[in-house]
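Peer 1: Got a predicted structure here, sequence first:
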Amino acid sequence: MSGILNDLLMELGIHPVLIDVGASGRPPSIWDEIAQQSIYVGFDPDLRELHEVSEGKFFRSLIVNKAVISEKGGNQALFYLTRSPYCSSTLRPDMASLSNYLFYDLFVVEREATVPAATLDSIMESLSLPRIHWFKTDSQGIDLRLFSNLPDEVRSQVLAVDIEPGLIDAYIGEDLFVDAHRYLTQNGFWLSNLKLGGSIRMRKSTLQKVMSAYPNINSALIERTVRTSPGWCEARYLRTIEWLNQGGFAKGDYVLLWVFALLDNQYGFALDLAVEYEKVWGYDSISQLMKSEPVSRILQSEHKLRQIRTLFTMVKSIVPPPVRRWVRRHILL
């Protein structure tokens with residue numbers, strides 16, 4: 001992987017602040033390319049699936065064992081620890097709604113706990129972090145309120161937002177995608193990436209009855225053959241150029257948004273930013289790089305696609321028709 005983005009950030013003395021609320025698992029791999037120059041802060045009060053950040057991977061890293069809450073007024077929060085640690089939340093699971101899906105059991109609350117809690121801005125202040133550049137949250141139901149309740153001066157300077165809102169009522173009183181999308185697009189962001197996740201819409205009680213009546217049916221077969229229904233999504237938003245041009249953003253902000261666009265493979269938007277950078281800040285070595293690097297990556301992508309096409313031509317005679325159709329639709333376009 002090219003180190004050109006890390007080198008650029010080092011040259012400009014930029015250390016992106018990457019906030020990861022709900023940091024079960026490892027830090028998002030999309031940040032790997034800029035990790036050496038980035039400040040990573042992960043939050044999760046449920047440590048059952050929390051992995052330590054690799055030593056030396058980030059310029060600076062810290063895991064905070066606290067629940068992040070949206071409103072001031074306390075240093076503790078009630079946390080619902082579910083069967084799957086990835087489903088634990090400060091909101092109670094909506095079991096009536098979830099009972100229609102096969103992944104119902106993951107949300108069963110095994111115990112309730114009072115955990116240390118704080119607002120994100122108070123934690124930032126204690127860590128001496130003046131701003132957030134990329135805000136990623138998987139807070140199980142409160143993504144929107146965590147972001148919208150940030151102080152104006154912090155929220156307005158964020159350049160990228162990753163959220164994982166629900167499409168169904170998995171938690172009582174949760175923030176859904178429709179609400180988050182409306183808010184973000186009305187406040188200077190555009191939707192850069194969207195991935196759907198879901199579960200099979202089938203009650204566990206129905207599955208048990210079907211398995212009793214048909215011995216050749218089992219849960220593994222159902223999981224393999226029945227289409228999942230959308231239940232949540234992973235959405236990424238980037239700042240618009242228009243928002244940057246409203247004022248208050250430095251040259252480094254244009255560069256950093258360009259870096260984020262490259263990380264998300266948004267080469268067209270990266271070129272838009274390169275052109276806008278020259279309009280605002282003039283032609284220089286940075287603007288040259290901002291144009292040449294996306295073009296280079298576009299050409300590399302085309303080269304890889306040609307290799308795939310050549311390989312596919314060689315083997316398509318032995319590839320089943322459904323696989324051929326999938327490759328044409330999703331890879332060769």
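Peer 2: Here it is on my side, so go on. This one's a predicted model, so the numbers in the text were calculated from it and none came from an experiment.
Peer 1: all strands of the stretch 101-250 of the chain, in order?
Peer 2: Along the stretch 101-250 of the chain, counting by DSSP state E, counting those that start in this stretch, strands occupy 109-119, 134-137, 160-163, 189-199, 229-239.
Peer 1: I'd like to know which of those is closest to residue 273.
Peer 2: strand 229-239 (9.7 Å; Cβ to Cβ). Every residue, glycine included, has its C-beta placed from N, CA and C.
Peer 1: which stretches of the protein aren't confidently modelled?
Peer 2: 1-2, 23-25, 45-56, 73, 303-317, 319, 322-333 (pLDDT under 70).
Peer 1: 50 instead, please
Peer 2: In the predicted model, the chain carries pLDDT under 50 at residues 1-2, 48-51.
Peer 1: center of this structure, which residue is that?
Peer 2: residue 162 (3.7 Å; Cα atoms, centre = their mean).
Peer 1: ok, for that one, nearest residue in space, not its chain neighbours?
Peer 2: In this structure, residue 162 finds its nearest non-sequential neighbour in residue 136, 3.8 Å apart by Cβ to Cβ, 6 or more residues apart in numbering.
Peer 1: Check residue 105 too.
Peer 2: residue 83 (6.1 Å).
Peer 1: ok, that neighbour - how many residues close by?
Peer 2: 14 (other Cβ atoms under 10 Å).
Peer 1: picking up where we left off before, of all the strands of the stretch 101-250 of the chain, which one comes closest to residue 16?
Peer 2: strand 134-137 (6.3 Å).
Peer 1: Give me the packing partners of the closest one, helices and strands only.
Peer 2: Counting contacts by 3 or more Cβ pairs under 8 Å, 6 or more residues apart in numbering; DSSP states H and E, strand 134-137 is packed against strand 17-21, helix 143-148, strand 160-163.
Peer 1: now the ones you listed as CSV including distance to residue 225?
Peer 2: Output for those, formatted as CSV (distance: least, Cβ to Cβ, whole Å):
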stretch, distance to residue 225
strand 17-21, 35
helix 143-148, 32
strand 160-163, 31
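Peer 1: Quick one: closest of those to residue 175.
Peer 2: Residue 175 lies closest to helix 143-148 among the helices and strands packed on strand 134-137, at 3.7 Å (Cβ to Cβ).
Peer 1: what's the offset of the closest one from the middle of its chain?
Peer 2: Relative to its chain's centre, helix 143-148 lies at 14 Å (Cα atoms, centre = their mean, to the nearest Å).
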